[in-house]
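# any chance you could fold what I've pasted below:
(one chain, ligands or ions: 2)
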Amino acid sequence: MDKLTTIILAAGYGKRMKSKLPKVLHKISGAPMIQHVVDLALEIGSDETVCVVGHGRELVEASLKNQKVKFAVQEVQLGTGHAVKAAQDFINEGLVLVLFGDAPLLSALTLNAFIENHKAGKYKASLISTNFEDPSGYGRIIRDKSGKFDRIVEHKDATLDQLKITEINSGIGLFDASILMTALNALKNNNKQGEYYLTDVFEYVKDHHGAVDAFVINHSYEVIGINDRLTLAEAEKYHQSLIKKHWMLEGVTMISPESIYIEKYVTIGQDTIIEQGTMLKGKTVIGEDCNIGPYSEIIDTKIGNEVKVKHSTLLESSIDDRTVVGPYAYLRPKSIVGKDCKIGDFVEVKNTTIGDCTKISHLTYVGDGKVGNNVNLGCGVVFVNYDGVNKHLTVIEDDVFVGCNTNLIAPVTVGREAYIAAGSTITEDVPEKALAIARERQVNKTDWSNKYLKKK
Ligand code: UD1
Ligand code: CA
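Ligands and ions are numbered 1, 2, ... in the order given. Sure, this is the predicted structure:
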């Protein structure tokens with residue numbers, strides 16, 4: 001089999017984005033555009049994947065660190081042809097596929113069909129084209145009288161008649177390695193932008209080496225090139241619809257799917273229901289038979305089976321089977337919650353492990369703790385974890401009952417099966433099975449209000 005080298009162009013300035021961030025690092029469904037393209041290159045089995053970087057190169061390289069990609073540097077951005085040439089050390093044998101870092105929506109299905117077509121037709125070079133209702137900004141495909149590919153004219157170089165052509169160049173091209181190098185060396189920059197266009201390679205190959213094909217695809221959205229924030233938003237909308245369609249076909253129910261947002265690397269189990277206004281982000285994993293939402297934001301969190309989450313925010317946490325969260329709970333990073341728990345309304349948890357069957361039903365702050373199984377934290381319990389300088393640990397062992405409005409001044413340990421009276425401020429460890437009461441005794445002054453009113 002031919003070696004397949006994929007070159008991803010990502011060195012451009014991206015002026016039209018009007019951004020401090022390099023264009024290819026703007027995100028679609030939570031992943032930088034360039035990441036989508038790298039994932040695609042790996043998915044189709046590229047033997048080598050090379051990103052051409054230049055503008056904002058440190059940031060682009062950092063975003064792809066520890067991945068199976070190599071980098072070539074284009075010091076000055078003199079056009080797409082010039083950019084491919086910057087990767088010449090990697091252009092040696094077999095086929096070379098060129099992808100654009102600003103075209104993140106292409107599917108492996110389409111790309112594989114394109115590569116098959118190239119091989120079957122024994123083309124020396126080929127490209128993906130499509131028809132856009134509004135082709136402005138894109139290079140136009142010029143065909144000869146017999147309908148065969150002739151050349152590409154960039155929007156800025158096109159005549160009024162050529163601007164009427166709706167068939168556009170996607171930028172995605174496939175080449176025989178040896179021919180590509182010859183054609184790149186022959187490129188000229190005599191055009192409106194004074195750039196070395198990759199698009200001119202196709203005309204050169206056709207004139208000097210043989211057949212070139214423009215492979216027309218129907219799903220034109222797949223080759224949208226993102227140059228500004230408007231197309232970024234359109235591409236995001238399209239990508240979101242693909243993600244949601246995928247999960248619905250995998251057995252996930254969505255209520256008002258248009259209001260739901262799901263990022264690229266999220267996974268969801270069968271028979272889970274996602275309700276409106278819910279955002280699932282990062283590497284969140286959701287099990288089966290869950291009910292998530294309405295209006296919850298869940299980031300990098302692992303959720304077991306049969307879990308319910310309502311109107312809540314969950315960050316970098318994990319929730320085990322059958323636990324109920326919310327409404328209006330806030331789980332901050334490293335909240336590890338066991339099975340069959342309840343984390344109720346206006347409860348905030350942070351950096352705390354919670355055992356199974358524990359109930360924290362309302363208005364409670366649980367920070368830097370270790371809470372056992374079958375614990376009940378009453379309404380308004382506060383883990384006083386911060387002394388103004390350091391954070392301290394609160395340990396609550398199994399089967400403990402903490403009465404309402406209790407402050408636990410950390411570091412402190414409450415032994416198993418202990419009880420704490422409501423309203424206590426606990427400053428010392430509570431032995432197991434003890435009852436701790438740490439509050440003023442109540443005094444009732446009889447007939448007090450009559451005397452008070454008389455004085456007034
Ligand atoms: C390019 C194509 C156009 C096509 C369109 C599809 C050329 C000359 N034009 O136009 O025919 O219809 O894409 O979206 O190829 N880049 C570099 N170095 C450079 C210039 C660009 O790495 O010197 C990279 C950019 O980072 C970007 C990609 O190449 O990822 C495309 O460049 P861009 O300037 O966006 O090209 P378009 O004008 O959109
Ligand atoms: Ca572009």
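
# buried ones in stretch 173-181?
Applying a neighbour-count criterion of 16 or more other C-beta atoms under 10 Å, one finds 173-177, 179-181 buried in stretch 173-181. All C-beta spots, glycine's among them, are computed from the backbone N, C-alpha and C.

# nearest to ligand 1, of the residues you listed?
residue 173 (9.0 Å; C-beta to the nearest ligand atom).

# give the closest residue to residue 82 in space, chain neighbours not counted.
Among residues not flanking residue 82 along the chain, residue 196 sits closest, at 4.1 Å (C-beta to C-beta, 6 or more residues apart in numbering).

# any idea how many residues pack against the one you found?
Residues within reach of residue 196, counting by other C-beta atoms under 10 Å, total 20.

# now swap in the one 10 residues further on and tell me
Residues contacting residue 206 under the criterion other C-beta under 10 Å number 20.

# pretty sure it is in a helix, no?
Yes: if the criterion is DSSP: H, G, I helix; E, B strand; the rest coil, then residue 206 is within a helix.

# that one against residue 144, yeah?
No: if you go by C-beta atoms under 8 Å, residue 206 and residue 144 don't touch, sitting 9.9 Å apart.

# please name the bridge partners of the residue lying closest to residue 377 once chain neighbours are set aside.
In this structure, residue 377 finds its nearest non-sequential neighbour in residue 360, 4.5 Å apart by C-beta to C-beta, 6+ apart. Note on residue 360: beta-bridge partners by DSSP bridges are residue 343, residue 377.

# got the contact list for residue 359?
341-342, 344, 375-377 (C-beta atoms under 8 Å, 6 or more residues apart in numbering).

# so which of the residues you listed is the most crowded?
Neighbour max across those (other C-beta under 10 Å) = residue 377, 31 neighbours.

# what about residue 20, how many residues nearby?
Neighbours around residue 20, by other C-beta under 10 Å: 7.

# what's the answer for residue 366, then?
Neighbours around residue 366, by other C-beta under 10 Å: 27.

# you'd agree it is in a strand?
Yes: checked against three-state DSSP, residue 366 lies within a strand.

# what sits opposite it in the beta ladder?
So, taking DSSP bridges as the rule, residue 366 has residue 349 as bridge partners.

# excluding chain neighbours, give the residue nearest to the closest residue to ligand 2 within the stretch 1-150 of the chain in space.
Closest contact between the stretch 1-150 of the chain and ligand 2, by C-beta to the ion, is at residue 102 (4.6 Å). Excluding the flanking residues, the one nearest residue 102 by C-beta to C-beta, 6+ apart is residue 226, at 4.8 Å.

# residue 22 contacts residue 55, doesn't it?
Yes: at 5.8 Å, residue 22 and residue 55 qualify as touching, with contact defined as C-beta under 8 Å.

# what do those two both touch?
Shared contacts of residue 22 and residue 55, counting by C-beta under 8 Å, 6+ apart, come down to residue 14.

# between the two, which one's more packed in?
residue 22 (26 against 18).

# and the more buried one, how far is that from residue 61?
Separation of residue 22 from residue 61 (C-beta to C-beta, to the nearest Å): 11 Å.

# tell me, how many residues neighbour residue 320?
Residue 320, neighbours per other C-beta under 10 Å, totals 20.

# from residue 399, how far off is it?
Taking C-beta to C-beta, one finds residue 320 at 19 Å from residue 399.

# with residue 180 instead?
72 Å.

# same question, residue 95
Plainly put, residue 95 is 66 Å away from residue 399 if you go by C-beta to C-beta.
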